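[1] Sequence isn't available, so here's the structure alone:
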């Protein structure tokens, strides 16, 4: 975890670059190789290192990947039966493979973004109402 934290800090400044970044990777035996990668990939690496430094597991998955209902429920932090209800109501697209349901990660993240937007709007409305009622939330 400490190595991940140190590596993340060392790469953090470089990760602010735009365009391509050239990395030189060295091992105990010397230079192992060089690679040119997009700055966005380096930022992803820095984010992954930060998560590892915090003691979290990290996995990368393409957005077009299909995941199980349990994996989808875990990503939304809901129960699997609740997620299946969302699928059956048509809230999130899915397909069946035999008796099993599969959810595209892209569709799940779209649903999550929509949900986050609705939640933020509700919080903003509550904050506005509290300010209008002078409940101690004035700016």
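    Received, thanks. Given the structure is predicted, the values throughout are model-derived calculations rather than measurements.
[2] where do the helices sit along the protein?
    2-12, 39-53, 69-76, 80-88, 105-132 (DSSP state H).
[3] Could you list the domains of this protein?
    For the chain, automatic domain parsing gives the domain ranges 2-53, 66-132.
[4] so what's residue 29 scoring on pLDDT?
    Note on residue 29: pLDDT of 82.
[5] okay, now it: neighbour count?
    By other C-beta atoms under 10 Å, the residues close to residue 29 number 6. C-beta coordinates here come from the backbone N, C-alpha and C atoms, glycine included.
[6] gap between it and residue 11?
    As for residue 29, its distance to residue 11 is 22 Å (criterion: C-beta to C-beta, to the nearest Å).
[7] Reformat the helices of the chain into TSV and put mean pLDDT next to each item.
    Below are the helices of the chain laid out as TSV (pLDDT from 0 to 100):
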stretch	mean pLDDT
helix 2-12	87
helix 39-53	90
helix 69-76	95
helix 80-88	97
helix 105-132	93
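[8] out of those helices, nearest to residue 63?
    Minimum separation from residue 63 across these (C-beta to C-beta) falls at helix 105-132, 4.4 Å.
[9] Now do that closest one: distance to the chain's middle.
    Computed by C-alpha atoms, centre = their mean, to the nearest Å, the chain-centroid distance of helix 105-132 equals 17 Å.
[10] Show me which positions of that helix end up buried.
    105, 107-108, 111 (16 or more other C-beta atoms under 10 Å).
[11] Out of those residues, which comes closest to residue 123?
    Nearest to residue 123 among these: residue 111, at 18.8 Å, using C-beta to C-beta.
[12] How about the closest one, nearest residue that isn't a chain neighbour?
    Leaving aside its chain neighbours, residue 111 sits nearest to residue 92 (4.8 Å; criterion: C-beta to C-beta, 6 or more residues apart in numbering).
[13] neighbours around the one you found, how many?
    20.
[14] List the contacts of residue 80.
    Shown in contact with residue 80 (C-beta atoms under 8 Å, 6 or more residues apart in numbering): 69-70, 73.
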